[in-house]
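Trainee: Sequence and predicted structure are below.
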Amino acid sequence: MYYVSKRMEISGSHRLTLSYESKCSNIHGHNWIVTVYCRAEQLNKDGMVCDFTHIKQLIHDRLDHAHLNDILPFNPTAENLARWITEQIPECYKTTVRESEGNTAVYLAIDPDPTPAGL
């Protein structure tokens, strides 16, 4: 099994629709740290799990410096972002979205085989 990860910083704004009063219901921004984890049993014809540039185009280039409420069809919580990002890349099995130093959401699409340290 081959594993790769791609880490990106995405700057953007959003506002959350919540069932309770919160300052997060106001438009505000983050510098999210997103890590995409991909795997494949066989490398593609180019010798890769997937191209890091394609991951950047699919995720970073679409979300960076955007107001997420305008481009995503769901409440843009860190958890929902993690799932959406995972679903954009066929080889992706896991995504972490760090919203701030102490707040990270993880979406795991499948129960992966044990991964090498650091991935």
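Mentor: Yes, it's here. A quick note: this is a predicted structure, and the numbers were derived from the prediction, not measured.
Trainee: how near is Lys45 to Cys92?
Mentor: As for Lys45, its distance to Cys92 is 19 Å (criterion: Cβ to Cβ, to the nearest Å). From N, CA and C alone the C-beta is placed, and that goes for glycine too.
Trainee: Run the chain-centre distance for stretch 72-92.
Mentor: 6 Å (Cα atoms, centre = their mean, to the nearest Å).
Trainee: Please list the outside residues in contact with it.
Mentor: Stretch 72-92 is contacted from outside by 14, 16-17, 32, 34, 36-40, 49-50, 54-55, 58-59, 68-69, 93-99, 103-107, 109, using Cβ atoms under 8 Å, 6 or more residues apart in numbering.
Trainee: how about 6 Å then?
Mentor: 14, 17, 36, 38, 40, 49-50, 58-59, 68, 95, 97, 99, 105, 107, 109 (Cβ atoms under 6 Å, 6 or more residues apart in numbering).
Trainee: Show the buried residues in the residues you listed.
Mentor: 14, 36, 38, 40, 49-50, 58-59, 68, 95, 97, 99, 105, 107 (16 or more other Cβ atoms under 10 Å).
Trainee: just the CA coordinates of the longest helix belonging to the chain, formatted as CSV?
Mentor: Longest helix in the chain by number of residues (criterion: DSSP state H): helix 78-88. Provided in CSV are the C-alpha atoms of helix 78-88 (Å, rounded to 0.1, in the frame of the first residue of the first chain):
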residue,chain,number,x,y,z
ALA,A,78,-14.7,22.3,9.9
GLU,A,79,-16.3,18.8,10.1
ASN,A,80,-18.3,19.4,6.9
LEU,A,81,-15.3,20.8,5.1
ALA,A,82,-13.3,17.7,6.1
ARG,A,83,-15.9,15.4,4.6
TRP,A,84,-16.4,17.5,1.4
ILE,A,85,-12.6,17.6,0.8
THR,A,86,-12.3,13.9,1.2
GLU,A,87,-15.1,13.3,-1.3
GLN,A,88,-13.4,15.5,-3.9
